[in-house]
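Trainee: Got a predicted structure plus its sequence, pasted below:
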Amino acid sequence: MKKIDGGVTAAKGYKAAATAAGIKYQNRTDMAMVYSEVPATIAGTFTTNVFKAAPVIWDRNIVKNIGKAQAIVVNSGIANACTGTEGDMLCQKTADAAAEALGIEADAVLLGSTGVIGMQLPVDRMQAGARTLAAQLKSGLEAGTEAAQAIMTTDTHKKEIAYELEIGGKTVTIGGMAKGSGMIHPNMCTMLAYVTTDAAISHEMLQKAVSEIVVDSFNMISVDGDTSTNDTLLVLANGMAGNDEITAEGADYEKLYEGLNAVCTTLAKEMAADGEGATKLMESIVLGADTKENARILAKSVVCSSLTKAAMYGCDANWGRELCALGYSGVQFDPMKVEMSFKSGDQEILIFKDGAGVDYSEEEASKLLENDHVQIISKMNMGTESATAWGCDLTYDYVKINADYRS
């Protein structure tokens with residue numbers, strides 16, 4: 001498997017487009033479309049928030065009951081969440097407009113929205129935008145990049161990735177794009193992620209892979225502890241690589257799983273690093289836990305700690321905050337066995353062992369924390385399980401951004 005340039009248009013048979021529909025933003029693109037030349041097998045995971053946005057409900061029905069789709073239409077600026085029956089009608093009308101323009105059925109059109117909750121989307125602009133996108137579809141890496149840029153809200157940069165691998169003697173490509181910077185605390189994640197592949201795989205096996213992969217990728221990030229109403233991960237597989245369809249576990253399934261996992265994990269880490277106002281990526285690595293689930297809980301507890309996040313911003317080696325986060329996670333462990341260190345690049349500083357802080361240079365530790373990627377390594381010495389979670393520091397700008405978000 002190798003990383004290549006590109007995003008959602010890297011795989012065979014995919015096109016994309018972006019347009020400035022004037023949904024909420026001015027002087028920028030705010031709608032995108034991803035299109036497969038042939039119907040694609042689909043899988044997805046969605047927010048666990050009880051308040052589910054209209055496009056989440058629309059997509060979930062198609063994923064569960066149809067299992068095939070050919071297009072995705074996404075807007076930024078307005079979330080179409082908590083919008084009642086009007087929001088549901090908006091989904092239908094947008095899908096109808098896209099379907100008519102593309103010559104496909106409305107239930108082959110998936111939808112995504114991100115932005116302010118409670119506002120109604122302008123139906124006329126959404127329909128016009130869908131038609132414009134259909135007319136402007138093109139292949140090539142630039143089209144995928146333009147789509148990734150159009151779905152951004154408070155993101156500071158576009159997020160896209162692609163990998164290439166071999167399955168059954170055929171070259172298979174997997175590409176993806178995502179947006180997410182605030183209201184990030186996935187439980188499935190305001191995150192949207194779209195992954196495309198030209199691999200041939202059954203709906204059942206694709207859904208199995210996606211449901212498992214999300215647990216250790218998107219579900220292991222947190223920016224602010226808020227689970228969005230719109231969180232959506234959709235994966236399309238159109239089979240145009242020509243490999244034998246994957247219908248059961250085995251070597252081919254494992255290879256595709258590895259590729260999908262690499263794409264999802266990369267996009268998840270990019271979201272965490274690009275948290276609103278963030279200056280650094282905070283990576284919590286837990287080693288030697290007694291169970292996999294406990295390792296996940298412990299790792300995520302550290303990146304979710306507001307005090308830890310603030311300390312990371314201030315480059316304050318206040319290790320008591322990280323230990324405290326482990327201690328209130330709900331996982332039972334022996335505090336005397338815990339070892340903790342800070343690491344960045346090749347430099348690692350042990351800060352806690354045998355139930356007490358060790359002798360280390362506060363100045364060196366603070367200097368280490370100035371880097372834009374800091375790892376907090378917690379060795380539990382209770383078993384063999386491990387997990388990694390990703391977050392970011394908490395800065396003044398996070399408050400500024402969210403205090404003025406609707407303006």
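Mentor: That came through, no problem.

Trainee: quick one, what contacts residue 15?
Mentor: Residues in contact with residue 15 (CB atoms under 8 Å, 6 or more residues apart in numbering) are 9, 34, 35, 37, 137, 138, 139, 143. Where you see a C-beta, it was placed from the backbone N, CA and C, and this is true even at glycine.

Trainee: my guess is it is in a strand, correct?
Mentor: Yes. When DSSP: H, G, I helix; E, B strand; the rest coil is applied, residue 15 is found to be in a strand.

Trainee: Torsion angles phi and psi at the spatially closest residue to it that is not a sequence neighbour?
Mentor: Using CB to CB, 6 or more residues apart in numbering and skipping the chain neighbours, the partner closest in space to residue 15 is residue 137 (4.2 Å). With angles defined as degrees, to the nearest 10, residue 137 sits at phi -60, psi 140.

Trainee: Break down the stretch 151-300 of the chain into its strands, ranges please.
Mentor: Applying DSSP state E, counting those that start in this stretch to the stretch 151-300 of the chain gives strands spanning 159-167, 170-179, 192-197, 232-237, 281-289.

Trainee: Now do the longest one: which elements does it pack against?
Mentor: Meaning strand 170-179. helix 141-150, strand 159-167, strand 192-197, helix 251-273 (3 or more CB pairs under 8 Å, 6 or more residues apart in numbering; DSSP states H and E).

Trainee: from those, which stretch is densest packed?
Mentor: strand 192-197 (a mean of 29; mean count of other CB atoms under 10 Å).

Trainee: mind listing what that strand pairs with, with the direction of each?
Mentor: If you go by DSSP bridges, strand 192-197 pairs up with strand 170-179 (antiparallel), strand 232-237 (parallel).

Trainee: May I have it as CSV, with CA atoms only?
Mentor: What follows is strand 192-197, C-alpha atoms only, in CSV (Å, rounded to 0.1, in the frame of the first residue of the first chain):
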residue,chain,number,x,y,z
LEU,A,192,-18.4,14.8,7.5
ALA,A,193,-16.2,12.3,5.8
TYR,A,194,-16.6,10.7,2.4
VAL,A,195,-14.5,7.9,1.1
THR,A,196,-14.5,6.5,-2.4
THR,A,197,-12.9,3.3,-3.8
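
Trainee: who touches the residue nearest to residue 15 in this structure?
Mentor: 15, 16, 17, 33, 35, 143 are the contacts of residue 137 under CB under 8 Å, 6+ apart.

Trainee: what comes up buried for the helix or strand bottoming out on mean pLDDT in the chain?
Mentor: Least confident helix or strand, the chain: helix 396-403 with a mean of 80, by mean pLDDT, DSSP states H and E. Within helix 396-403, the residues scored as buried using 16 or more other CB atoms under 10 Å are 398, 401, 402.

Trainee: Using JSON lines, please lay out these together with distance to residue 93.
Mentor: Below are the buried residues of helix 396-403 laid out as JSON lines (distance: CB to CB, whole Å):
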{"residue": "398", "distance to residue 93": "36"}
{"residue": "401", "distance to residue 93": "32"}
{"residue": "402", "distance to residue 93": "31"}
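
Trainee: Which single one of those is nearest to residue 59?
Mentor: residue 402 (26.5 Å; CB to CB).

Trainee: What separation do you get for that closest one and residue 27?
Mentor: 23 Å (CB to CB, to the nearest Å).

Trainee: before we move on, what about residue 104?
Mentor: For residue 104 relative to residue 27 (CB to CB), the value is 32 Å.

Trainee: who's more crowded, the two?
Mentor: Using other CB atoms under 10 Å, the more surrounded residue of residue 104 and residue 27 is residue 104, with 19 against 6.

Trainee: so is that one in a helix, a strand, or just coil?
Mentor: At residue 104 the chain is in coil, as set by three-state DSSP.

Trainee: Thought residue 95 was touching it, still the case?
Mentor: No. Contact criterion CB atoms under 8 Å: residue 104 and residue 95 do not qualify, at 9.9 Å.

Trainee: export the contacts of residue 15 to TSV and tack on distance to residue 131?
Mentor: Formatted as TSV, the contacts of residue 15 follow (distance: CB to CB, whole Å):
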residue	distance to residue 131
9	20
34	16
35	13
37	19
137	11
138	16
139	20
143	17
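
Trainee: Closest one to residue 264 out of those, please.
Mentor: residue 34 (16.4 Å).

Trainee: I'd guessed that closest one sits against residue 147; true?
Mentor: Yes. With contacts counted by CB under 8 Å, residue 34 reaches residue 147, the gap being 6.2 Å.

Trainee: Find residues that contact each of those two.
Mentor: Common neighbours of residue 34 and residue 147 (CB under 8 Å, 6+ apart) are 8, 9, 16, 74.

Trainee: With secondary structure as added columns, please give those residues in JSON lines.
Mentor: As requested, those are exported to JSON lines (three-state DSSP):
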{"residue": "8", "secondary structure": "coil"}
{"residue": "9", "secondary structure": "coil"}
{"residue": "16", "secondary structure": "strand"}
{"residue": "74", "secondary structure": "strand"}
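
Trainee: From those residues, list the buried ones, please.
Mentor: Neighbour counting with 16+ other CB under 10 Å marks 8, 9, 16, 74 as buried within these.

Trainee: Farthest pair within those residues?
Mentor: Maximum pairwise distance among those (CB to CB): 14.4 Å, between 9 and 74.

Trainee: returning to that earlier point: redo the shared contacts of residue 34 and residue 147 as TSV? Include distance to residue 228 and pLDDT.
Mentor: Output for those, formatted as TSV (distance: CB to CB, whole Å; pLDDT from 0 to 100):
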residue	distance to residue 228	pLDDT
8	21	98
9	26	98
16	23	98
74	14	98
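
Trainee: Using CSV, lay out those residues together with distance to residue 163.
Mentor: Listed next are the shared contacts of residue 34 and residue 147 as CSV, based on distance: CB to CB, whole Å:
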residue, distance to residue 163
8, 13
9, 14
16, 18
74, 22
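
Trainee: re the thing from before, can I get the helices and strands packed on strand 170-179 in TSV including mean pLDDT?
Mentor: Below are those laid out as TSV (pLDDT from 0 to 100):
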stretch	mean pLDDT
helix 141-150	97
strand 159-167	98
strand 192-197	96
helix 251-273	95
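
Trainee: could these go into a markdown table alongside distance to residue 243?
Mentor: Output for the helices and strands packed on strand 170-179, formatted as a markdown table (distance: least, CB to CB, whole Å):
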| stretch | distance to residue 243 |
| --- | --- |
| helix 141-150 | 22 |
| strand 159-167 | 5 |
| strand 192-197 | 10 |
| helix 251-273 | 7 |
